[in-house]
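Novice: Quick one, structure for this:
(one chain, ligands or ions: 1)
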Amino acid sequence: MGAVGEFADGVLTKVTADGAWFVVVREGDAWYAFPDRCTHAKRPLSDGTFEGGVVTCIYHGATFDLNRDGKATMPAVRALSCHAVVVEGDEVFVEA
Ligand code: FES
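Specialist: Predicted coordinates for the structure are as follows:
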């Protein structure tokens, strides 16, 4: 899916895995992956911002806490599904 060096710290990076779009982001040694689709109105979360394990959708302001199982804030109701990221050597993989 990509090399570790392709993922800058705190930058939401859009990738494909098993035919679906995901966003991968790293923060220090912590890696996160989730679908590139807000649970509110299905807009791309890769357009949003990320800080402290929380992704914010730029369209209507919902937030998803990736350290709390993708817990959502309004206007989103459903949590974001979090996917495991596996780093093997220099390669990054998302478990879709
Ligand atoms: S589409 Fe993300 S908050 Fe509405």
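
Novice: where along the protein do the strands fall?
Specialist: 2-3, 13-17, 20-27, 30-35, 49-51, 54-56, 63-65, 71-72, 85-88, 91-94 (DSSP state E).

Novice: Mean neighbour count and mean pLDDT added to the ones you listed, as CSV?
Specialist: All C-beta spots, glycine's among them, are computed from the backbone N, C-alpha and C. Shown next, in CSV, are those (neighbours: other C-beta atoms under 10 Å; pLDDT from 0 to 100):
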stretch, mean neighbour count, mean pLDDT
strand 2-3, 12, 90
strand 13-17, 15, 93
strand 20-27, 20, 96
strand 30-35, 20, 97
strand 49-51, 15, 96
strand 54-56, 18, 98
strand 63-65, 21, 98
strand 71-72, 17, 98
strand 85-88, 13, 96
strand 91-94, 18, 94
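
Novice: now the ones you listed in TSV, with distance to residue 78?
Specialist: As requested, these are exported to TSV (distance: least, C-beta to C-beta, whole Å):
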stretch	distance to residue 78
strand 2-3	28
strand 13-17	21
strand 20-27	16
strand 30-35	11
strand 49-51	19
strand 54-56	14
strand 63-65	10
strand 71-72	6
strand 85-88	21
strand 91-94	20
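
Novice: Point out the one among these that comes closest to residue 41.
Specialist: Comparing the strands of the chain against residue 41 with C-beta to C-beta, the closest turns out to be strand 71-72 (12.5 Å).

Novice: and that closest one, how far from the chain's centre?
Specialist: 13 Å (C-alpha atoms, centre = their mean, to the nearest Å).

Novice: ditto for stretch 14-30
Specialist: For stretch 14-30, the distance to the chain centre is 6 Å (C-alpha atoms, centre = their mean).

Novice: Repeat that for stretch 60-80.
Specialist: Worked out by C-alpha atoms, centre = their mean, stretch 60-80 lies 12 Å from the chain centre.

Novice: same deal with stretch 78-96?
Specialist: 9 Å.

Novice: Up against the ligand, what does the protein have?
Specialist: Proximity of the chain to the ligand, by C-beta under 6 Å from any ligand atom, involves residues 38, 40, 41, 43, 57, 59, 60, 61, 62, 75, 76.
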